[in-house]
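*Asks:* below is the sequence, then the predicted model.
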Amino acid sequence: GQQLNQSPQSMFIQEGEDVSMNCTSSSIFNTWLWYKQDPGEGPVLLIALYKAGELTSNGRLTAQFGITRKDSFLNISASIPSDVGIYFCAGLHSTSNSGYALNFGKGTSLLVTP
Amino acid sequence: SQTIHQWPATLVQPVGSPLSLECTVEGTSNPNLYWYRQAAGRGLQLLFYSVGIGQISSEVPQNLSASRPQDRQFILSSKKLLLSDSGFYLCAWSVSSDTQYFGPGTRLTVL
């Protein structure tokens, strides 16, 4: 499947700082998704992007779908301790059996110190 | 509203034993269903997906299998577990090509 490259691999920041992470692909996706995963739990959807160039916000989170449909970034403003977790980007693609599947990046581990 | 359940939440099994993990979805009809495995807290790998009852597609070769006996039930099985089957197994659902929503996961440890 198409490989997603997510960076940075990890971030260690102080509370109140802004965070930026991004995801790139060699292939085009029609939908980009950003998830957050807390330890021992399933990923939770943060933002879904459906159109090239789309910029979407969800509270302190902002994500954009690149014009080429091969990249996306996620920004977190004024980070707080509960932002700690692993953030995944994912690209949605069609499968050979009329289904749809997600290709995931390897995740960005975020640590926030008070 | 839609909800997704997985059980058990945690499982410890000896090598060579069988496996059965269950996933059920409530509040939606004819969802697409997916099984993912996550190793070491990173990198989700798609194992199986299903677009309808009895329809299973496999993304990677392995000693696991999946079945969908009912519209909103998805089962992951193995006849003989390997050490390498240890990991965090996540079930997800979607409506057609829309966003996928994940269950709480099952932590499997094979000893």
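*Replies:* In hand now; what should we look at?

*Asks:* excluding chain neighbours, what is closest to the residue of chain A found nearest chain B?
*Replies:* Chain A approaches chain B most closely through A:G42 (3.7 Å), counting by Cβ to the nearest Cβ. (Each C-beta comes from the backbone N, C-alpha and C, glycine too.) Distances taken as Cβ to Cβ, 6 or more residues apart in numbering or on different chains put B:F102 closest to A:G42, at 3.7 Å, once the chain neighbours are dropped.

*Asks:* please look at that neighbour and B:Y89 and confirm they touch.
*Replies:* No: checked against Cβ atoms under 8 Å, the pair B:F102 and B:Y89 is beyond contact range at 10.9 Å.

*Asks:* what touches both of the two?
*Replies:* Contact criterion Cβ atoms under 8 Å, 6 or more residues apart in numbering or on different chains; residues shared by B:F102 and B:Y89: B:Y36.

*Asks:* listing partners with orientation, what would you give for the helix or strand bottoming out on mean pLDDT in chain A?
*Replies:* Sorting the helices and strands of chain A by mean pLDDT, DSSP states H and E puts strand A:100-104 at the bottom, at a mean of 82. Each strand paired with strand A:100-104, and its direction, by DSSP bridges: strand A:85-94 (antiparallel).

*Asks:* where does chain B dip in pLDDT?
*Replies:* Along chain B, segments meeting pLDDT under 70 span B:41, B:97.

*Asks:* try it again at 80.
*Replies:* Applying pLDDT under 80 to chain B flags residues B:40-42, B:60-61, B:96-98.

*Asks:* helix or strand: which one has A:S109?
*Replies:* Using DSSP states H and E, A:S109 sits in strand A:108-113.

*Asks:* and that strand, how far from the chain's centre?
*Replies:* In terms of Cα atoms, centre = their mean, to the nearest Å, the gap separating the centre of strand A:108-113 from the centre of its chain is 14 Å.

*Asks:* tell me the spacing between B:G54 and B:S17.
*Replies:* Computed as Cβ to Cβ, to the nearest Å, the B:G54 to B:S17 distance reads 26 Å.

*Asks:* please apply the same query to B:V51.
*Replies:* For B:V51 relative to B:S17 (Cβ to Cβ), the value is 31 Å.

*Asks:* in terms of neighbours, single out the busier of those two.
*Replies:* B:V51 (19 against 12; other Cβ atoms under 10 Å in any protein chain shown).

*Asks:* that one contacts B:R68, correct?
*Replies:* No: counting by Cβ under 8 Å, B:V51 stays clear of B:R68, with 9.3 Å between them.

*Asks:* shared neighbours, those two?
*Replies:* When contacts are counted by Cβ under 8 Å, 6+ apart, B:V51 and B:R68 have no shared neighbour.
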